[in-house]
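1. this one's structure only:
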(Lines give C-alpha, C1' and ligand atoms only; values in the text may rest on other atoms or scores of the structure.)
Protein backbone atom coordinates (compact mmCIF):
# COMPACT_ATOMS: atom_id res chain seq x y z
CA UNK A 1 0.00 0.00 0.00
CA UNK A 2 2.76 2.41 0.95
CA UNK A 3 4.49 1.61 -2.34
CA UNK A 4 1.48 2.76 -4.39
CA UNK A 5 1.16 5.92 -2.28
CA UNK A 6 4.78 6.79 -3.03
CA UNK A 7 4.27 6.12 -6.73
CA UNK A 8 1.18 8.35 -6.74
CA UNK A 9 3.04 11.15 -4.97
CA UNK A 10 5.92 10.80 -7.42
CA UNK A 11 3.64 11.11 -10.44
CA UNK A 12 1.93 14.13 -8.89
CA UNK A 13 5.31 15.75 -8.28
CA UNK A 14 6.39 15.19 -11.89
CA UNK A 15 3.22 16.78 -13.26
CA UNK A 16 3.63 19.72 -10.88
CA UNK A 17 7.24 20.33 -11.92
CA UNK A 18 6.29 20.07 -15.60
CA UNK A 19 3.50 22.60 -15.04
CA UNK A 20 5.84 25.05 -13.27
CA UNK A 21 8.44 24.65 -16.03
CA UNK A 22 5.89 25.33 -18.75
CA UNK A 23 4.60 28.44 -17.01
CA UNK A 24 8.15 29.74 -16.59
CA UNK A 25 8.95 29.60 -20.30
CA UNK A 26 9.02 32.91 -22.29
CA UNK A 27 6.26 31.92 -24.66
CA UNK A 28 3.49 33.95 -23.08
CA UNK A 29 0.23 32.77 -21.65
CA UNK A 30 -0.99 30.80 -24.63
CA UNK A 31 -4.76 30.58 -24.58
CA UNK A 32 -6.51 28.83 -22.89
CA UNK A 33 -4.16 28.80 -19.90
CA UNK A 34 -5.73 30.17 -16.74
CA UNK A 35 -4.41 33.24 -14.87
CA UNK A 36 -2.96 32.66 -11.44
CA UNK A 37 -1.10 34.51 -8.73
CA UNK A 38 2.31 33.13 -9.82
CA UNK A 39 2.04 35.17 -13.03
CA UNK A 40 2.08 38.44 -11.12
CA UNK A 41 5.61 39.68 -11.94
CA UNK A 42 7.13 42.12 -9.50
CA UNK A 43 10.78 41.15 -9.51
CA UNK A 44 11.55 39.36 -12.81
CA UNK A 45 10.85 40.08 -16.44
CA UNK A 46 8.85 37.50 -18.34
CA UNK A 47 10.47 37.69 -21.77
CA UNK A 48 13.90 39.23 -21.35
CA UNK A 49 16.02 41.26 -18.97
CA UNK A 50 14.65 44.49 -20.46
CA UNK A 51 11.75 46.21 -18.75
CA UNK A 52 8.41 45.95 -20.49
CA UNK A 53 5.24 47.75 -21.44
CA UNK A 54 2.42 48.00 -18.89
CA UNK A 55 -1.33 48.37 -19.45
CA UNK A 56 -4.00 48.44 -16.73
CA UNK A 57 -7.73 47.64 -16.71
CA UNK A 58 -9.32 48.83 -13.45
CA UNK A 59 -12.87 47.66 -14.26
CA UNK A 60 -13.98 44.03 -13.98
CA UNK A 61 -14.57 43.53 -17.70
CA UNK A 62 -12.92 40.51 -19.30
CA UNK A 63 -13.86 41.36 -22.90
CA UNK A 64 -11.42 44.04 -24.10
CA UNK A 65 -13.08 46.29 -26.70
CA UNK A 66 -11.34 46.78 -30.05
CA UNK A 67 -9.40 49.91 -29.06
CA UNK A 68 -7.98 48.19 -25.97
CA UNK A 69 -7.05 45.14 -28.01
CA UNK A 70 -5.44 47.37 -30.64
CA UNK A 71 -3.42 49.20 -27.99
CA UNK A 72 -1.99 45.99 -26.57
CA UNK A 73 -1.39 44.38 -29.97
CA UNK A 74 0.31 47.44 -31.43
CA UNK A 75 2.63 47.62 -28.40
CA UNK A 76 3.45 43.92 -28.75
CA UNK A 77 4.36 44.50 -32.39
CA UNK A 78 6.34 47.70 -31.75
CA UNK A 79 8.28 46.08 -28.87
CA UNK A 80 8.62 42.41 -29.92
CA UNK A 81 11.51 41.71 -27.55
CA UNK A 82 9.91 43.21 -24.46
CA UNK A 83 7.13 41.80 -22.26
CA UNK A 84 3.77 43.51 -22.66
CA UNK A 85 1.89 43.09 -19.39
CA UNK A 86 -1.84 43.76 -19.29
CA UNK A 87 -3.06 43.83 -15.67
CA UNK A 88 -6.80 43.16 -15.47
CA UNK A 89 -8.81 43.61 -12.29
CA UNK A 90 -11.42 41.14 -13.57
CA UNK A 91 -8.91 38.30 -13.57
CA UNK A 92 -8.97 36.41 -10.28
CA UNK A 93 -7.17 33.34 -9.02
CA UNK A 94 -10.42 31.42 -9.45
CA UNK A 95 -11.22 32.81 -12.92
CA UNK A 96 -12.39 29.88 -15.03
CA UNK A 97 -11.53 29.33 -18.66
CA UNK A 98 -15.24 29.26 -19.52
CA UNK A 99 -15.72 32.83 -18.29
CA UNK A 100 -13.28 34.21 -20.86
CA UNK A 101 -13.52 31.68 -23.67
CA UNK A 102 -16.23 33.67 -25.47
CA UNK A 103 -14.05 36.80 -25.78
CA UNK A 104 -12.25 36.90 -29.16
CA UNK A 105 -10.05 39.78 -27.95
CA UNK A 106 -8.96 37.83 -24.88
CA UNK A 107 -8.06 34.87 -27.08
CA UNK A 108 -6.10 36.81 -29.70
CA UNK A 109 -4.10 38.74 -27.09
CA UNK A 110 -3.36 35.57 -25.13
CA UNK A 111 -1.94 34.00 -28.29
CA UNK A 112 0.77 36.66 -28.67
CA UNK A 113 4.01 35.32 -27.26
CA UNK A 114 5.15 38.53 -25.54
CA UNK A 115 1.71 39.51 -24.15
CA UNK A 116 0.85 38.51 -20.58
CA UNK A 117 -2.69 38.89 -19.23
CA UNK A 118 -2.30 39.18 -15.48
CA UNK A 119 -4.55 39.57 -12.42
CA UNK A 120 -4.62 43.02 -10.83
CA UNK A 121 -4.79 42.99 -7.04
CA UNK A 122 -4.50 46.49 -5.60
CA UNK A 123 -3.32 45.30 -2.17
CA UNK A 124 -0.41 43.53 -3.84
CA UNK A 125 0.35 46.41 -6.21
CA UNK A 126 0.50 49.00 -3.42
CA UNK A 127 2.48 46.80 -1.04
CA UNK A 128 5.83 48.37 -0.03
CA UNK A 129 4.95 51.76 -1.52
CA UNK A 130 3.77 55.07 0.01
CA UNK A 131 0.35 54.35 -1.53
CA UNK A 132 -0.56 51.42 0.73
CA UNK A 133 -1.67 53.51 3.80
CA UNK A 134 -3.73 55.71 1.47
CA UNK A 135 -5.37 52.64 -0.08
CA UNK A 136 -6.28 51.26 3.35
CA UNK A 137 -7.77 54.60 4.37
CA UNK A 138 -9.65 55.68 1.24
CA UNK A 139 -13.32 54.76 0.73
CA UNK A 140 -13.94 54.02 -2.98
CA UNK A 141 -17.71 54.47 -2.56
CA UNK A 142 -17.13 58.11 -1.60
CA UNK A 143 -14.68 58.86 -4.39
CA UNK A 144 -16.06 60.77 -7.36
CA UNK A 145 -13.37 59.58 -9.79
CA UNK A 146 -12.36 56.30 -8.20
CA UNK A 147 -11.63 54.36 -11.40
CA UNK A 148 -9.37 57.13 -12.62
CA UNK A 149 -7.72 57.93 -9.29
CA UNK A 150 -7.00 54.28 -8.53
CA UNK A 151 -5.57 53.84 -12.02
CA UNK A 152 -3.33 56.89 -11.44
CA UNK A 153 -1.89 55.24 -8.34
CA UNK A 154 -1.61 51.76 -9.85
CA UNK A 155 0.47 52.90 -12.82
CA UNK A 156 2.94 54.64 -10.53
CA UNK A 157 3.33 51.59 -8.28
CA UNK A 158 3.73 49.18 -11.20
CA UNK A 159 6.37 51.31 -12.90
CA UNK A 160 8.20 51.74 -9.57
CA UNK A 161 8.32 47.99 -9.02
CA UNK A 162 8.88 46.81 -12.59
CA UNK A 163 10.28 49.70 -14.56
CA UNK A 164 9.32 50.13 -18.20
CA UNK A 165 6.73 52.13 -20.09
CA UNK A 166 3.17 52.67 -18.94
CA UNK A 167 0.49 53.26 -21.61
CA UNK A 168 -3.23 53.90 -21.41
CA UNK A 169 -5.42 51.40 -23.26
CA UNK A 170 -6.33 54.01 -25.89
CA UNK A 171 -2.76 54.45 -27.11
CA UNK A 172 -1.75 53.00 -30.48
CA UNK A 173 1.99 52.34 -30.79
CA UNK A 174 3.60 53.31 -34.09
CA UNK A 175 7.31 52.81 -33.44
CA UNK A 176 9.43 52.01 -30.37
CA UNK A 177 11.09 54.59 -28.19
CA UNK A 178 14.61 53.88 -26.92
CA UNK A 179 14.57 56.34 -24.03
CA UNK A 180 14.32 54.89 -20.51
CA UNK A 181 13.34 57.80 -18.25
CA UNK A 182 10.84 60.12 -19.87
CA UNK A 183 7.65 62.11 -19.44
CA UNK A 184 5.35 63.23 -22.24
CA UNK A 185 3.98 66.71 -22.71
CA UNK A 186 0.22 66.65 -23.26
CA UNK A 187 0.35 70.26 -24.35
CA UNK A 188 2.70 73.16 -23.68
CA UNK A 189 1.49 73.49 -20.08
CA UNK A 190 0.79 69.98 -18.84
CA UNK A 191 2.66 66.69 -18.53
CA UNK A 192 0.42 63.81 -19.55
CA UNK A 193 0.26 60.53 -17.62
CA UNK A 194 -1.22 58.42 -20.43
CA UNK A 195 2.33 57.47 -21.41
CA UNK A 196 5.54 57.67 -19.40
CA UNK A 197 8.58 55.49 -18.84
CA UNK A 198 11.11 55.04 -16.03
CA UNK A 199 13.70 52.57 -14.86
CA UNK A 200 12.86 50.38 -11.87
CA UNK A 201 12.93 52.12 -8.47
CA UNK A 202 13.46 55.56 -9.98
CA UNK A 203 13.38 58.32 -7.36
CA UNK A 204 11.05 60.49 -9.45
CA UNK A 205 8.30 57.86 -9.31
CA UNK A 206 8.81 57.38 -5.55
CA UNK A 207 8.45 61.14 -5.05
CA UNK A 208 5.31 61.08 -7.20
CA UNK A 209 3.77 58.43 -4.94
CA UNK A 210 4.62 60.48 -1.83
CA UNK A 211 3.07 63.59 -3.42
CA UNK A 212 0.02 61.50 -4.39
CA UNK A 213 -0.68 60.81 -0.71
CA UNK A 214 0.44 64.11 0.82
CA UNK A 215 -1.49 66.30 -1.62
CA UNK A 216 -4.38 63.96 -2.34
CA UNK A 217 -7.45 65.61 -3.90
CA UNK A 218 -9.61 62.90 -5.37
CA UNK A 219 -12.40 65.39 -6.06
CA UNK A 220 -10.33 67.30 -8.63
CA UNK A 221 -10.12 65.72 -12.07
CA UNK A 222 -6.51 65.02 -13.05
CA UNK A 223 -5.01 66.22 -9.76
CA UNK A 224 -3.48 62.78 -9.10
CA UNK A 225 -2.61 62.23 -12.76
CA UNK A 226 -1.31 64.87 -15.19
CA UNK A 227 -1.41 67.48 -12.43
CA UNK A 228 0.79 65.32 -10.21
CA UNK A 229 3.44 64.66 -12.85
CA UNK A 230 3.46 68.34 -13.79
CA UNK A 231 3.97 69.38 -10.15
CA UNK A 232 6.85 66.95 -9.63
CA UNK A 233 8.51 67.92 -12.91
CA UNK A 234 8.36 71.63 -12.06
CA UNK A 235 9.86 70.85 -8.65
CA UNK A 236 12.97 69.53 -10.41
CA UNK A 237 13.57 72.27 -12.94
CA UNK A 238 11.84 75.21 -14.62
CA UNK A 239 10.19 73.82 -17.73
CA UNK A 240 10.36 76.32 -20.58
CA UNK A 241 8.44 76.27 -23.83
CA UNK A 242 9.50 73.77 -26.46
CA UNK A 243 11.66 74.97 -29.32
CA UNK A 244 10.25 73.63 -32.57
CA UNK A 245 9.80 69.84 -32.31
CA UNK A 246 12.59 69.30 -29.81
CA UNK A 247 12.49 67.58 -26.44
CA UNK A 248 13.64 69.03 -23.12
CA UNK A 249 16.11 67.43 -20.70
CA UNK A 250 15.38 67.88 -17.00
CA UNK A 251 18.03 66.29 -14.74
CA UNK A 252 18.38 63.28 -17.07
CA UNK A 253 14.61 62.96 -17.46
CA UNK A 254 13.50 63.54 -21.04
CA UNK A 255 10.40 65.70 -21.35
CA UNK A 256 9.01 64.91 -24.77
CA UNK A 257 7.37 67.35 -27.16
CA UNK A 258 3.56 66.98 -27.53
CA UNK A 259 4.07 65.72 -31.09
CA UNK A 260 5.67 62.52 -29.75
CA UNK A 261 2.44 61.09 -28.31
CA UNK A 262 -0.29 63.72 -28.61
CA UNK A 263 -0.03 65.07 -32.17
CA UNK A 264 -3.81 65.43 -32.22
CA UNK A 265 -4.84 67.40 -29.10
CA UNK A 266 -7.82 66.33 -27.02
CA UNK A 267 -10.04 69.15 -28.34
CA UNK A 268 -9.64 67.66 -31.83
CA UNK A 269 -10.09 63.99 -30.82
CA UNK A 270 -12.88 63.62 -33.38
CA UNK A 271 -10.31 63.86 -36.21
CA UNK A 272 -9.41 60.22 -35.58
CA UNK A 273 -12.89 59.29 -36.80
CA UNK A 274 -12.75 61.46 -39.90
CA UNK A 275 -11.57 60.72 -43.44
CA UNK A 276 -8.37 62.58 -44.22
CA UNK A 277 -7.90 63.88 -47.76
CA UNK A 278 -4.13 63.51 -47.49
CA UNK A 279 -2.29 60.58 -45.96
CA UNK A 280 -0.45 61.25 -42.72
CA UNK A 281 2.69 59.53 -41.48
CA UNK A 282 3.16 61.00 -37.96
CA UNK A 283 6.93 61.03 -38.48
CA UNK A 284 7.49 62.91 -35.22
CA UNK A 285 5.42 60.50 -33.12
CA UNK A 286 6.12 57.23 -31.31
CA UNK A 287 2.48 56.52 -30.44
CA UNK A 288 -0.93 58.15 -30.70
CA UNK A 289 -3.27 58.86 -27.79
CA UNK A 290 -6.85 58.63 -29.03
CA UNK A 291 -8.48 60.40 -26.07
CA UNK A 292 -11.14 57.72 -25.61
CA UNK A 293 -12.64 59.43 -22.56
CA UNK A 294 -13.75 62.22 -24.92
CA UNK A 295 -15.62 59.73 -27.11
CA UNK A 296 -18.92 60.01 -25.26
CA UNK A 297 -20.82 59.35 -28.49
CA UNK A 298 -19.20 55.89 -28.64
CA UNK A 299 -17.98 56.34 -32.19
CA UNK A 300 -16.92 53.04 -33.76
CA UNK A 301 -14.16 51.79 -35.96
CA UNK A 302 -16.04 50.87 -39.11
CA UNK A 303 -14.64 48.56 -41.77
CA UNK A 304 -14.45 50.29 -45.15
CA UNK A 305 -14.96 53.79 -43.74
CA UNK A 306 -11.41 54.92 -44.66
CA UNK A 307 -11.25 56.99 -41.48
CA UNK A 308 -7.92 57.68 -39.83
CA UNK A 309 -8.63 55.28 -36.98
CA UNK A 310 -9.57 52.47 -39.37
CA UNK A 311 -6.29 52.91 -41.25
CA UNK A 312 -4.39 52.94 -37.96
CA UNK A 313 -6.02 49.64 -36.99
CA UNK A 314 -5.15 48.11 -40.38
CA UNK A 315 -1.52 49.13 -40.07
CA UNK A 316 -0.63 48.74 -36.40
CA UNK A 317 -3.05 46.11 -35.05
CA UNK A 318 -4.03 44.04 -38.11
CA UNK A 319 -5.10 40.99 -36.09
CA UNK A 320 -7.50 43.07 -34.01
CA UNK A 321 -8.81 44.67 -37.19
CA UNK A 322 -9.38 41.33 -38.88
CA UNK A 323 -10.98 39.58 -35.89
CA UNK A 324 -12.91 42.38 -34.17
CA UNK A 325 -13.66 44.86 -36.95
CA UNK A 326 -13.97 42.70 -40.06
CA UNK A 327 -15.27 39.73 -38.08
CA UNK A 328 -18.75 38.18 -38.42
CA UNK A 329 -20.30 40.85 -36.21
CA UNK A 330 -18.97 43.70 -38.33
CA UNK A 331 -17.85 46.96 -36.72
CA UNK A 332 -17.57 47.20 -32.96
CA UNK A 333 -17.46 50.07 -30.45
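-> Perfect, I can see it now. Computed from a predicted model, the values in this text were never measured in an experiment. Residues are numbered from 1 along each chain as shown.
2. Now residue 247: closest residue in space that isn't a chain neighbour?
-> Of all residues not flanking residue 247 in the chain, residue 256 sits nearest, at 5.0 Å (CB to CB, 6 or more residues apart in numbering). To be clear about C-beta, it is placed using only N, CA and C from the backbone, and glycine gets the same treatment.
3. For that neighbour, give me its contacts.
-> For residue 256, the contact set (CB atoms under 8 Å, 6 or more residues apart in numbering) comprises 179, 182, 183, 184, 185, 247.
4. What count of nearby residues applies to residue 60?
-> Residues near residue 60, counting by other CB atoms under 10 Å, number 10.
5. I'd like the distance between it and residue 90.
-> To residue 90, residue 60 is 4 Å away according to CB to CB, to the nearest Å.
6. now swap in residue 138 and tell me
-> 21 Å.
7. before we move on, what SS does residue 132 have?
-> The three-state label given to residue 132 by DSSP: H, G, I helix; E, B strand; the rest coil is helix.
8. From residue 167, how far out is it?
-> From residue 132 to residue 167 the distance is 24 Å (CB to CB).
9. Looking at the two, which is more packed in?
-> Using other CB under 10 Å, the more surrounded residue of residue 132 and residue 167 is residue 167, with 26 against 18.
10. Is that one in contact with residue 194, as I believe?
-> Yes. If you go by CB atoms under 8 Å, residue 167 and residue 194 touch, sitting 7.0 Å apart.
11. low-scoring stretches of the chain, by residue?
-> Low-confidence segments of the chain (pLDDT under 70): 1-50, 93-101, 329-333.
12. how far away is residue 181 from residue 313?
-> 31 Å.
13. What is the subsequent helix or strand relative to the helix or strand where residue 165 lies?
-> Using DSSP states H and E, residue 165 sits within strand 164-167. Later in the chain than strand 164-167, the nearest helix or strand by DSSP H and E is strand 171-173.
14. Check which strands are paired with whichever helix or strand comes after that following strand and give the direction for each one.
-> Sequence order places strand 182-185 as the next helix or strand after strand 171-173, per DSSP H and E. Looking at strand 182-185 with DSSP bridges, its partner strands are strand 191-198 (antiparallel), strand 253-256 (parallel).
15. the helices in the stretch 51-200 of the chain, which residues?
-> 66-78, 104-110, 122-126, 131-137, 146-162 (DSSP state H, counting those that start in this stretch).
16. you'd agree residue 309 is in a helix?
-> Yes. Membership of residue 309 in a helix is supported by three-state DSSP.
17. Just list the residues touching the closest residue to it other than its chain neighbours, thanks.
-> Nearest in space to residue 309, with sequence neighbours left out and distances taken as CB to CB, 6+ apart, is residue 272 at 4.5 Å. Listed by CB under 8 Å, 6+ apart, the contact partners of residue 272 are 264, 288, 290, 291, 307, 308, 309, 312.
18. what does the helix or strand the second one falls within contact?
-> Secondary structure assignment for residue 288, by DSSP H and E: strand 287-289. Residues external to strand 287-289 that are found in contact with it (CB under 8 Å, 6+ apart): 74, 78, 167-168, 170-174, 192, 194-195, 260-264, 272, 282, 312.
19. Pull the distance from it to the chain's centre.
-> Per CA atoms, centre = their mean, to the nearest Å, the displacement of strand 287-289 from the mean C-alpha position of its chain is 13 Å.
20. Show me what it pairs with in its sheet, parallel or antiparallel.
-> In the sheet, strand 287-289 lines up with strand 171-173 (antiparallel) (DSSP bridges).
21. Outside of the partner strand itself, list whatever touches it.
-> By CB under 8 Å, 6+ apart, strand 171-173 touches 70-71, 74-75, 77-79, 167, 194-195, 261, 286-290, 312, 316-317.
22. same thing with stretch 274-285?
-> 174, 245, 257, 259, 260, 261, 263, 288, 305, 306, 307, 308.
23. Check the secondary structure at the fourth one for me.
-> Which is residue 259. On the basis of three-state DSSP, residue 259 is classed as helix.
24. residues in contact with it?
-> 245, 284, 285 are the contacts of residue 259 under CB under 8 Å, 6+ apart.
25. what's the closest non-adjacent residue to the last one?
-> Spatial nearest neighbour of residue 285, chain neighbours left out: residue 263 (5.1 Å); criterion: CB to CB, 6+ apart.
26. Sitting in strands, which of the contacts of residue 259 do you find?
-> Among the contacts of residue 259, no residue falls in strands (DSSP state E).
27. For stretch 112-127, buried residues please.
-> 112, 114, 115, 116, 117, 118, 119, 120, 121, 122, 125, 126 (16 or more other CB atoms under 10 Å).
28. Okay, the residue lying closest to residue 89 once chain neighbours are set aside and residue 232: tell me how far apart.
-> Leaving aside its sequence neighbours, residue 89 sits nearest to residue 120 (CB to CB, 6+ apart; 4.4 Å). Distance of residue 120 to residue 232, given as CB to CB: 24 Å.
29. residues contacting residue 236?
-> Per CB under 8 Å, 6+ apart, neighbours of residue 236: 204, 250, 251, 253.
30. Would you check which pair of the residues you listed lies furthest apart?
-> Maximum pairwise distance among the contacts of residue 236 (CB to CB): 9.6 Å, between 204 and 250.
31. Looking at the two, which one has more neighbours?
-> Between residue 204 and residue 250, counted using other CB under 10 Å, the more crowded position is residue 204 (22 against 17).
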